[in-house]
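Visitor: Here is a sequence with its predicted model. Questions after.
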Amino acid sequence: MQTAPRIESPPHAANATPLLEVADLRTWFQTDAGPAKAVDGISFAIGRGKTLAIVGESGCGKTVTALSILQLIPQPPGEFVSGEIRLEGRNLLAVSPAELRKVRGGSVAMIFQEPGTSLNPVFTIGDQIGEAIRLHRGLPPAEVRGEIVRSLNAVHVSDPERRLAQYPHELSGGMKQRVMIATALSCNPKLLIADEPTTAVDVTIQARILDLLRQIQAERGMSILLITHDLGVVAELADDVAVMYAGKIVERAAVGELFDHPRHPYTLGLFGSLPRVDQKQGRLKAIEGSVPAATQFPAGCRFRERCRWAAPECAQEPPLAELTPGHFVACWKAGEIEPPVEVA
Ligand SMILES: Nc1ncnc2c1ncn2[C@@H]1O[C@H](COP(=O)(O)OP(=O)(O)O)[C@@H](O)[C@H]1O
Ligand code: SF4
Ligand SMILES: [Mg+2]
């Protein structure tokens, strides 16, 4: 008698669901020039305690991706044309506005490039962090102050008691950045979305902020979606990397694999040439030409007009295919482009 084949459950099946899963997300904007397909069919996942970095030139759809997760996209002109954004299995695009408010700044927090845009100039630092704590953690007023001080201590703000009464304009850029991070972290988010968090601060402060994020991530098992132009930051913080071009993910892999074996011509261009493991420094390189406007993406491969490997088949859109286990590339020629190659 034949027995039914046994289906093995993967190890740690209970924890196998990623914290965040984005599936076939399309975020478009209606404009006079037609739909701007800012995010156009992207899928990725972030595991618990893991960091996914999204890299790509300006205008590729990174910020729209980040804002889509918390639905901080004005609708109209924005519109979620397709997809699901599942946080612990729950589709955020389908939850009620009240549930979404609980998620924002609660289980998912966001920090931006420019702290000025997220700190309110008319409230003190204590009021801003306190508001976040009251809203999401429902602590009695007597305990809120202690929590605010703890949050500021966690980001190594000196003399937190005195800072409570200060206004954003009284703080230096680096200090504002830390207060913004303290506010974001005060509710113990499961996911931190960081959109170019260190672009506006100097190198020393940048290093401290990155150390801080790493430390807090290790302590709390928080996941991070990191958007950055800095390959050094990617190498230091990311577990996985997604490269975006013109609203799509064109390459996705674990960080070591991507640095050691980049395959997409766009990734090769951003890296300048083949980056070596011991040279994970520096910003993304400039590539000749520019990202087309989101209303004018060409048919077929969207990188075609800038790609030195472009061939007739590139008039068809290449799918994001798994080239080697866990390494996905959307390029008809990916199998033929054997690094190292010279990218002028
Ligand atoms: N409100 C909007 N209306 C029309 N187009 C928009 C809007 N917001 C963003 N876009 C377009 O979406 C594309 C992606 O923008 P963005 O996500 O900010 O890029 P990145 O963060 O990668 O620099 C750009 O072409 C941008 O012009
Ligand atoms: S599909 Fe063609 S045009 Fe697009 S990146 Fe690959 S080789 Fe270049
Ligand atoms: Mg951006």
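Guide: Structure received. Residues are numbered from 1 along each chain as shown. Ligands and ions are numbered 1, 2, ... in the order given.

Visitor: number of nearby residues for A293?
Guide: Neighbours of A293 under the rule other Cβ atoms under 10 Å: 12. The way it works is simple: take the backbone N, C-alpha and C, and place the C-beta from them, glycine included.

Visitor: Hmm, I typed the wrong one, I wanted V233.
Guide: Here the number of neighbours of V233 (other Cβ under 10 Å) works out to 26.

Visitor: how about the helix or strand harbouring it as PDB, C-alpha atoms only?
Guide: Element membership for V233, per DSSP states H and E: helix 231-237. Extracted in PDB, the C-alpha atoms of helix 231-237 (Å, rounded to 0.1, in the frame of the first residue of the first chain):
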ATOM      1  CA  LEU A 231      27.000  51.500   0.100                       C
ATOM      2  CA  GLY A 232      29.100  51.600   3.300                       C
ATOM      3  CA  VAL A 233      25.900  51.900   5.400                       C
ATOM      4  CA  VAL A 234      24.400  49.100   3.300                       C
ATOM      5  CA  ALA A 235      27.400  46.800   4.000                       C
ATOM      6  CA  GLU A 236      27.300  47.600   7.700                       C
ATOM      7  CA  LEU A 237      23.600  47.300   8.500                       C
END
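
Visitor: So which elements touch that helix?
Guide: Counting contacts by 3 or more Cβ pairs under 8 Å, 6 or more residues apart in numbering; DSSP states H and E, helix 231-237 is packed against strand 51-55, helix 203-220, strand 223-227, helix 255-260.

Visitor: L320: what's its closest spatial neighbour, skipping adjacent residues?
Guide: A330 (4.3 Å; Cβ to Cβ, 6 or more residues apart in numbering).

Visitor: I'd like the distance between the one you found and ligand 3.
Guide: Distance of A330 to ligand 3, given as Cβ to the ion, to the nearest Å: 21 Å.

Visitor: List the backbone torsions phi and psi for that residue.
Guide: Dihedral pair for A330: phi -110, psi 80, per degrees, to the nearest 10.

Visitor: Equivalent analysis for the one 4 residues further on, please.
Guide: Phi and psi for A334, reported as degrees, to the nearest 10, are phi -50, psi -40.

Visitor: in the stretch 151-300 of the chain, which spans are helices?
Guide: For the stretch 151-300 of the chain, the helices defined by DSSP state H, counting those that start in this stretch cover 160-163, 173-185, 203-220, 231-237, 255-260, 265-271.

Visitor: what would those look like in TSV with distance to S96 and mean pLDDT?
Guide: Shown next, in TSV, are these (distance: least, Cβ to Cβ, whole Å; pLDDT from 0 to 100):
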stretch	distance to S96	mean pLDDT
helix 160-163	36	90
helix 173-185	23	85
helix 203-220	27	82
helix 231-237	34	88
helix 255-260	37	94
helix 265-271	39	91
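
Visitor: Report the closest residue of the stretch 101-250 of the chain relative to ligand 3.
Guide: Of the residues in the stretch 101-250 of the chain, the one nearest ligand 3 is D195, at a distance of 6.0 Å by Cβ to the ion.

Visitor: same deal with the stretch 1-150 of the chain?
Guide: Counting by Cβ to the ion, the stretch 1-150 of the chain gets nearest ligand 3 through T63, at 3.2 Å.

Visitor: Check which helices and strands the host helix or strand of that residue sits against.
Guide: Using DSSP H and E, T63 sits in helix 62-69. If you count contacts as 3+ Cβ pairs under 8 Å, 6+ apart, helix 62-69 packs onto strand 20-31, strand 34-46, strand 51-55, strand 78-87, strand 191-195, strand 223-227.

Visitor: any chance of those strands in TSV, plus mean neighbour count?
Guide: Converted to TSV, those look like this (neighbours: other Cβ atoms under 10 Å):
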stretch	mean neighbour count
strand 20-31	19
strand 34-46	20
strand 51-55	25
strand 78-87	18
strand 191-195	23
strand 223-227	24
